[in-house]
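A.B. asks: The sequence and its predicted three-dimensional model are supplied below.
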Amino acid sequence: MKNRFLEQAKREYSPNQRIRALSGEAIIFIIILPGALIFLGRFLDKLLQWQALLYQPANLIVGVLCILSGWLLGMWSNYIQFTIGRGTPVPLMATQKLIIQAPYSYCRNPMALGAIVIYLGVAVLIGSIAAAILVLIGAVILLLYIKLVEEKEMELRFGKEYLAYKEKTPFIIPRLGKRE
């Protein structure tokens, strides 16, 4: 199984193939998941009789700032994976090179951080307690997956180079000060 994974990860895809994969992912992460979060958040708030936490214009300002900053971080991360790493976040189109440049020099998982910030921004924007709880549950599941599965894959693919990077770069909370 390990050998099969390593062989798949070594396969390099053309820019057009990677763009098509990213387009499919974009529909899921930019349209479907936020829509589902809004629907489920409002449904659960109503079911549990939780009042929306709407304090305008604060919800609008904080929500939009979170969505925008998370989106920018996610786009930056995707761009770096696409150009420097010659891959995508799609597991079947893995990066061909270990990326240690910004934003990956701030934390090892800037794309996950960006997604979490986006979805928390959506929850704040609609004032939904249930949506915020769903985001936090989803974040825990995502981060556990990254820690237990993706990090093992990275160790297999990049060995000592990844272990050295892992040693000096935070998992999810960015180090914004001086970097090596």
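C.D. replies: Sure, I can see it.
A.B. asks: Only C-alpha atoms from now on, for both contacts and neighbour counts.
C.D. replies: Noted.
A.B. asks: Can you report phi and psi for residue 68?
C.D. replies: Phi and psi for residue 68, reported as degrees, to the nearest 10, are phi -70, psi -50.
A.B. asks: Verify the stated contact: it with residue 118.
C.D. replies: Yes. Using CA atoms under 8 Å, residue 68 is in contact with residue 118, at 7.3 Å.
A.B. asks: Have a look at the two and say which one is more surrounded.
C.D. replies: Ranked by neighbour count (other CA atoms under 10 Å), residue 68 and residue 118 place residue 118 first, with 28 against 16.
A.B. asks: which residues touch that one?
C.D. replies: By CA atoms under 8 Å, 6 or more residues apart in numbering, residue 118 lies in contact with 66, 67, 68, 69, 70, 71.
A.B. asks: so what's it closest to, chain neighbours aside?
C.D. replies: Nearest in space to residue 118, with sequence neighbours left out and distances taken as CA to CA, 6 or more residues apart in numbering, is residue 67 at 4.2 Å.
A.B. asks: Give me the phi and psi for the one you found.
C.D. replies: phi -60, psi -50.
A.B. asks: Could you shift the numbering so residue one becomes 50, and keep it that way?
C.D. replies: Sure, I'll start numbering at 50, so the last one becomes residue 116.
A.B. asks: distance of it from residue 136?
C.D. replies: Residue 116 sits 25 Å away from residue 136, taking CA to CA, to the nearest Å as the criterion.
A.B. asks: Report the next helix or strand after the helix or strand containing residue 122 in sequence order.
C.D. replies: For residue 122, the element it lies in under DSSP states H and E is helix 107-132. Reading on from helix 107-132 to the C-terminus, the next helix or strand found by DSSP H and E is helix 159-175.
A.B. asks: just how off-centre is that next one within its chain?
C.D. replies: Relative to its parent chain, helix 159-175 has a centroid offset of 9 Å by CA atoms, centre = their mean, to the nearest Å.
A.B. asks: same deal with stretch 139-150?
C.D. replies: Worked out by CA atoms, centre = their mean, stretch 139-150 lies 14 Å from the chain centre.
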